[in-house]
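*Asks:* Sequence and computational prediction follow.
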Amino acid sequence: MHGMGVQAVLTVVLILFTATVKTQKGEISVWKTKVTLTCPEIGKWYKDDTVITEKTDDADLEIEEKSHTFTYEGKTTFHCEYTSEDDKPTKYYFRFEGKVCEDCYEVDARLIGLVIIVDIVGTALLMILICSCTQNKSSAGPAHSSKAVSVLCYLTILKQNLLFVFWQQLNRQTRSQDTYSVVNRTG
């Protein structure tokens with residue numbers, strides 16, 4: 001039991017120590033067959049230890065050297081070498097393995113999630129609107145059994161009549177006489 005406590009303390013200390021170390025982040029983005037690698041700083045790009053581009057003093061080219069775009073053909077290793085804040089050379093490695101195609105599009109999960117949430121909220125608001133518009137109105141004719149009862153309206157009726165709504169007998173005078181409102185039993 002004592003050994004497990006020591007392991008737990010060491011794990012917590014290790015997690016806290018690694019959380020305090022600040023790391024630079026690179027980025028990989030894919031669009032159809034093009035892969036763009038973005039280095040944390042401006043530097044030299046290497047493909048399998050062979051230099052691809054060299055750093056220049058031109059301001060327009062320095063922005064492009066922070067990222068490298070290529071057509072994906074298979075597994076390869078890239079890295080960028082840049083000078084960090086403490087003036088020592090730093091290498092940042094990229095390894096991309098994936099499937100790309102000319103007719104593929106990247107789907108953003110946050111966008112899809114947002115669309116689903118907006119759809120659910122919109123449906124709930126529409127149900128509330130329909131329930132509030134149809135709840136207090138009564139027609140002069142017989143009640144139609146074909147009206148759809150939303151969940152919120154059903155809960156309102158349930159609250160008013162307690163649990164008797166589900167087991168009450170239908171009144172013959174309020175039944176609809178429409179074509180498909182009667183069940184015919186044959187056999």
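*Replies:* Perfect, I can see it now. Numbering: from 1, shown residues only.
*Asks:* ok, for Lys34, nearest residue in space, not its chain neighbours?
*Replies:* Thr69 (5.7 Å; CB to CB, 6 or more residues apart in numbering). To be clear about C-beta, it is placed using only N, CA and C from the backbone, and glycine gets the same treatment.
*Asks:* Can you point out the buried residues in the helix or strand containing the one you found?
*Replies:* Secondary structure from DSSP states H and E places Thr69 in strand 67-71. By 16 or more other CB atoms under 10 Å, the buried positions in strand 67-71 come out as 67-68, 70.
*Asks:* which among the residues you listed gets closest to Leu111?
*Replies:* Closest approach to Leu111 among the buried residues of strand 67-71 (CB to CB): Ser67, at 23.4 Å.
*Asks:* The closest one contacts Thr36, doesn't it?
*Replies:* Yes. If you go by CB atoms under 8 Å, Ser67 and Thr36 touch, sitting 5.5 Å apart.
*Asks:* Name every strand pairing with the strand holding Thr69 and say which way it goes.
*Replies:* Sheet pairing for strand 67-71, assigned by DSSP bridges, gives strand 34-38 (antiparallel).
*Asks:* who's in contact with the partner strand?
*Replies:* Residues outside strand 34-38 that contact it (CB atoms under 8 Å, 6 or more residues apart in numbering): 26-30, 45, 66-72, 78, 80, 94, 96, 100.
*Asks:* Go ahead and build a PyMOL selection from the buried members of those.
*Replies:* Command for PyMOL that selects the buried part of these, burial taken from 16+ other CB under 10 Å:
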select buried, resi 26+45+66+67+68+70+72+78+80+94+96
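*Asks:* I'd like to know how far the residue nearest to Lys34 sits from Leu126.
*Replies:* To Leu126, Thr69 is 45 Å away according to CB to CB, to the nearest Å.
*Asks:* what comes up buried for the longest helix anywhere in the chain?
*Replies:* As assigned by DSSP state H, the longest helix anywhere in the chain is helix 109-135. By neighbour count, and taking 16+ other CB under 10 Å as the criterion, the buried residues in helix 109-135 are Cys131.
*Asks:* Quick check: mean pLDDT of the strand holding Thr69?
*Replies:* The predicted model assigns strand 67-71 a mean pLDDT of 85.
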